[in-house]
Each structure stands twice: as structure tokens, then as C-alpha cells.
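Q: give the three-dimensional model of this entry:
(chains A and B)
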Amino acid sequence: MNLAIRDVRHKLSRFLLTAAGIGLLLMIVMGMAGIYQGLSEDALSFLERTKADLWIVQRGTRGPFAEISRIPWNVEDRAYAVTGVATARAFVSHTIQREYQGKPLRIVVQGLAWPMDDGSELPLIAGRALGQAHYEMLADRTLGLRLNDCIPLGKDVYTVVGITAGMAGPSGDGMAFFTIPDSIAIQYDTPGEAVRLEREARRSRLEKQDLGNVQPILLERAAGPSSELPALGTQNVSAIMVNVAPGADPARVAKIISAWSDVTVYPNDVQRELMLNSIERNRKQLGMFRTLLVIISAIIMALILYTLTLDKIHDIAMLKLMGARNRVVVGLILQQALLLGALGYGLAYCMGLWVFPFFPRRVAITSENLLQLAFVVLAISILSSLLGIWKAMSVQPNEILS
Amino acid sequence: MRPIIKSEAPSVDAQSLTKVYGRGNTEVVAMREVSFQVQRGEVVALVGPSGAGKSTLLTAIGLINPPTSGRITISGCPVMSGPRPLVDIRAFRRKHLGFVFQKANLIPFLSALENVQVALEINDAPSRKARKRAMELLDYLGVANRSGNPPSMLSGGEQQRVAVARALANNPSLILADEPTAALDSHRGRQVMELFRMVAHEQKAGVIVVTHDHRALNVFDRIFEMEDGLLKPSFFSSIRTFDGLTSL
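A: Model (predicted):
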């Protein structure tokens, strides 16, 4: 006869309420792990999909994800010239905040080297990849945009042609993918008046210089976009992604490029580490909270089990008087502790499945984290039952007479 | 070592039991040099005022509260020598002793049947056998129809019958009852006392009942009175003698 189950059945509503409380606590513990996992997955989601072997970034920076990096676009051509390089693609990444339909919209703008990169390798759940050089975008579903939505960014309007899933930056903001020229246009967008004033100032500076006097055509072009002034303006991108040819040694290619004094080159695994380092503090913060919550859960469980044991002290004395072995009494408390832990864990999982999708950031629950938490719950169930077991063991059969 | 039980030996043989609580100025002698025997099938009453030492004697024999000195032998097996147990007392209680108290002390989260069954399962009886035996006992005591009810749904008399069934579950050689009728009306109290007499005679167990209830004393084979820790034959025994049933 299982005494633990019968006792639980006798006080079912109280036990279920207690388990629900424990479940809520464990759900938060589970959520903490999920938030970190989400941070990590968000940070690495794009990196893992690009499958670049090397990342060329601005000298001395840890860009383009952990830190801002700006390098001339023509580094792409220089990279192509290195023996062993199969492809080199420019990459732009920056975060903007605009207002859309009366609500703030934060977007991690990612520039793709269209037509080589059209976004077809991204996890598209609706629509298609980028089909033209301008005015199209792919948006992650977390941004809340729909197919064929027209989003004004800068001076242009972009049509959402595809929706991706699970593509967010380390900050948790959803990603949107554009062609590189479009993403640069969005990044360097300035108000019309500022552009007119800058062009006027540029023309007046040129008029005072020899260059302007000996090159009159330059004076005329000074009134146009700076991107059309190769001698004055240069277009920067965030990084160049390099893939080495089959059979080529990525380390050797990296060594050649790292000899250039204006750039730094990172293999993909180093870039991955840089990304994870950028969220390390968050991980520690969440880890501390998680540890505290586990300790609090253990203390609460111990107090609950102690109270449940105190409620049964007379019955335990009676069992001892009848000659019940210690294992019968220990089993009664330990089984209830394990049942409470298991029920709390199950409720935490079910409530989490229901609640976590409403969280503003991704809460990624992995089997590894679930297994880890299951062991933690098992351990705290056993530990928290010790107080109750100690109390039960100290009960004397003659207490039945009191 | 397994205790050797002799079926022809007295249910209990207590020799020179003394119990002293406290030390020095606070020393209280609750029981002095108490010696007595209870035969198998015999129902014995212990009467006396509160604080006379009845419960001390009962708990000493029940291996719950060891005496300071003296010797206890149950069914021919020496179990206590002074405060020192001579056997595994928890296992001995499990197999050879049954208890009934003023309150039935039924486990509230078990049904009437399970309260009896648990006593059997604690003694390693297989679940199905234990259930069958528990049902037989409830039937024997006339509460089989309430077997599925929790204690909270049983009357005081029914609860006490279930407690008696539980005490009988493992065929104990000695049943100890501490004021088992105190919470019952006179009719039900008498029924419980007669129940003890019936089970003692039919199951060949010795029964010692601590009681204040003088209305049912004529069901006992012998009556002892305790006063100031001393055991003596009771005045009521002579009344019983007139009844021609038994004498001390």
C-alpha cells in the first residue's frame, strides 16, 4: 500500500495548490535558462546560417556583431584577389528604430550581397527571397510585419516580400534583410535639408581649394550624392564574409589577410566566441538569478514538506507504535517530496509552453536544459525532504499517548 | 536473533517493574516493584485514580516506555531487562503486540479497511492477503459495511472497532488497551469491552485494559487496582467473585 499517494489523495487540493506554487517557481527557473538560451541562439542565428569561413572587419574592432565595424566595400575585391578565396561578400549590420503604425519598431538591418546572397538560405516561412536590387526586404516575424507591407525607411519605401522565423539580433530585436546598397542607404539616411546644406558646404569648400579650381566637373558633381564622388566619399560596409575554395587552408588565407594593416580577420569560430562573450554578462546575471531561485525553491519545498510532516506526526507515531520500519516512514515523506517535485516540474513545463511565447524575447527550451533542470528538481526534492525525514525520525511512538 | 515464542507460556510475565522519572529533588516513582502475569485468553482490567501509574505500566509492557528496573517476558520470550531491550522492540511490537487507545488513532488518510491492512503490510503480509484478512477482521467486528469509509465518516464506536481490528491484525499474543471506552457512551463502551473478551477467548491473546469505566468491569477475568505506583487486587474483584465468574 502506498501511504504517500493515499495521503496526497486525502489532501488533494492542498497538494495541487502547493505543486502549482512550486511549478510557478520552477517555471521561472526554466524560463531563466530559456532566456539565456534564446539570447545565445539569437546571437548566433545569423552567424550560423552564413557559413562564412572568415570575417574581415575594421582593424582592432570585434565587429560586426559585438562592436561597430566599418571597412571600405572594396575590401571585397581585395579579398577576391587572395589565393584560396572562393567567395567574398560584403555584409552590413546595424540597428535602427523607426515608428510604424504609431508604434516604435526596432530593426536589426542586415545587408545581403545580392544577387549572390538573396536570403534564400534564411528560414523563410512565407513569401520569397529578395528578387531585385532595391526596395525589397525580408522581415523576421517577431517584427510583426506582414507580406506586402510597405515600410518607409529613409527616403524609400520597402516591400516585405518574405517572412523569416527565429532571426533576431543579440539584443532580441528582429532582423530585416535588404540588399547592401539599400541597407547602406537606410544607415546613412539624413534629412533632405541636411543633405542640401552639406552639398552646399561641400561645393563652397571645393571652390576654395585647388582641386575644385583645376577640376571644374568636380564642382558640378559636388552638388550630387556623395556616393557618386569616388575621390571624396567612400561607401563603408560592416564586414566582408569570406569562403575559402575547397581544399584551400582557411588558416593560410586568414594569415595573408591579417597581414593587411587596415583590417582584422576572424575565423568563424572566433566570431562565434566574440558573440557569446558579448552576452556573457547576461548569462552570469541570469545564472545568479537561477541559482537563487533554485535555492528559494528548495527552501520553500523543505518548509512545505516539513509542514506536511508535522500534519502527520500523530500518524507517524502510530505507524511507529505498530512497528513500522524506518523505511516506511522515510518512504512516505520522500515519495511525497518526489511527487511534489515531479508535479511541479510537469506543471512548470506545461505552463512554460503556454506562457513563454508571450515573452517579448525568445525563451528557447532545449532538451539539455530540461534534463538539467530535472536533475536539479530531483536533487532539491531529496534535499528538501531531509528536514521532514529528520522530524519524522525523531518522533517517538509514545507521542501517540499525548 | 529471532525471539522464541512459546505458545503455552503466559501472554505477559512482568517481574518487579519499577519506573522512576526525574532525578534528585524532582524524582517521581511512577511504578514500584510491580509483578503480575496475564495468561493467554485472559482479559485483565487495570483501574485506579489518575496518576496512579496505570499508563506507565501499560506503556512499559507495550515496549514504548522502558522500565527503570524489572523484567518483562512476553509469551515466554524475555524482552526487557530494566531499561535494556533484549529483542528488536519495534519488530517485536509489530509481530506480537496490539494497541487500542482512548482515541481510535486511525490514520485519517486511509479507509477503515486500509487502516487494518496497513498493520498487516507493515508486518510484510502480501497486499492481497492483507486485504482479505483485514476484511475478515472488519466482518468479525461487525464493521465490514463501513470498510471503504474514511475514519471521519465513522461513529466513535465504529472507529474503536476498526482500531480493535487493527490491533488484532497480526494475531498478537498480547493486546494493550488504554481507556478504550472513555470516548464512548455506556452501551457502546460495554460492547467494546465484550469485544475484548470475545477476541481474547477466541484468539487466545492476553488483554490488559486500563479503564475508569466501572460499569463494564464484570466482563474482566481479573481486575487490578493501581495506587501510588503499587499494584494490588481490586475491590471490584470481590464483586466479580459474587458473580461467580472469576476471582483474583
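Q: would you mind naming what in the stretch 51-200 of chain A lies close to chain B?
A: For the stretch 51-200 of chain A, the contact set with chain B under Cβ under 8 Å from any Cβ of the partner chain is empty. To be clear about C-beta, it is placed using only N, CA and C from the backbone, and glycine gets the same treatment.
Q: measure residue A:292 to chain B for me?
A: Between residue A:292 and chain B the distance, using Cβ to the nearest Cβ, to the nearest Å, works out to 35 Å.
Q: got the contact list for residue B:84?
A: Counting by Cβ atoms under 8 Å, 6 or more residues apart in numbering or on different chains, residue B:84 makes contact with residue B:66.
Q: next one, pLDDT for the spatially closest residue to residue B:116 that is not a sequence neighbour please.
A: Closest residue in space to residue B:116, ignoring its immediate chain neighbours: residue B:134 at 3.7 Å, by Cβ to Cβ, 6 or more residues apart in numbering or on different chains. Reading off the confidence values, residue B:134 has pLDDT 90.
Q: which helix or strand contains residue B:134?
A: Residue B:134 is part of helix B:127-140 when elements are defined by DSSP states H and E.
Q: what residues sit buried inside that helix?
A: Within helix B:127-140, the residues that qualify as buried are B:130, B:131, B:133, B:134, B:135, B:137, B:138, B:140, counting by 16 or more other Cβ atoms under 10 Å in any protein chain shown.
Q: on that earlier part again, so what's the residue nearest to residue B:116 up against?
A: Counting by Cβ under 8 Å, 6+ apart, residue B:134 has contacts B:113, B:114, B:116, B:117, B:120, B:147, B:165, B:169.
Q: mind doing that once more with 6 Å?
A: Going by Cβ atoms under 6 Å, 6 or more residues apart in numbering or on different chains, residue B:134 touches B:113, B:116, B:117.
Q: any stretches of the stretch 201-350 of chain A with poor pLDDT?
A: A:225-234 (pLDDT under 70).
Q: tell me the spacing between the residue in chain B that chain A sits nearest to and residue B:124.
A: Chain A sits closest to residue B:94 of chain B, with a gap of 2.5 Å, by Cβ to the nearest Cβ. Separation of residue B:94 from residue B:124 (Cβ to Cβ, to the nearest Å): 9 Å.
Q: the two: which is more packed in?
A: Between residue B:94 and residue B:124, counted using other Cβ atoms under 10 Å in any protein chain shown, the more crowded position is residue B:94 (20 against 11).
Q: help me confirm that that one comes into contact with residue B:123.
A: Yes: look at residue B:94 against residue B:123 with Cβ atoms under 6 Å: they come within range, at 5.2 Å.
Q: next, the distance between the ends of stretch A:134-145.
A: Taking Cα to Cα, to the nearest Å, stretch A:134-145 runs 19 Å from one end to the other.
Q: spit out the contact partners of residue B:169.
A: B:116, B:119, B:120.
Q: number of residues surrounding residue 195?
A: Since no chain was named, I'll use chain A. Residue A:195 has 14 neighbouring residues, counting by other Cβ under 10 Å.
Q: wrong chain, I was asking about chain B
A: Using other Cβ under 10 Å, residue B:195 has 22 other residues around it.
Q: tell me the SS of it?
A: Three-state call for residue B:195 (DSSP: H, G, I helix; E, B strand; the rest coil): helix.
Q: so what's the backbone phi/psi at the residue nearest to it when sequence neighbours are not counted?
A: Once flanking residues are discounted, residue B:195 sits nearest to residue B:164: 5.8 Å by Cβ to Cβ, 6+ apart. The phi/psi pair for residue B:164 (degrees, to the nearest 10) reads phi -70, psi -40.
Q: count the residues that sit near residue B:164.
A: Residue B:164, neighbours per other Cβ under 10 Å, totals 26.
Q: many thanks, I have nothing further to ask.
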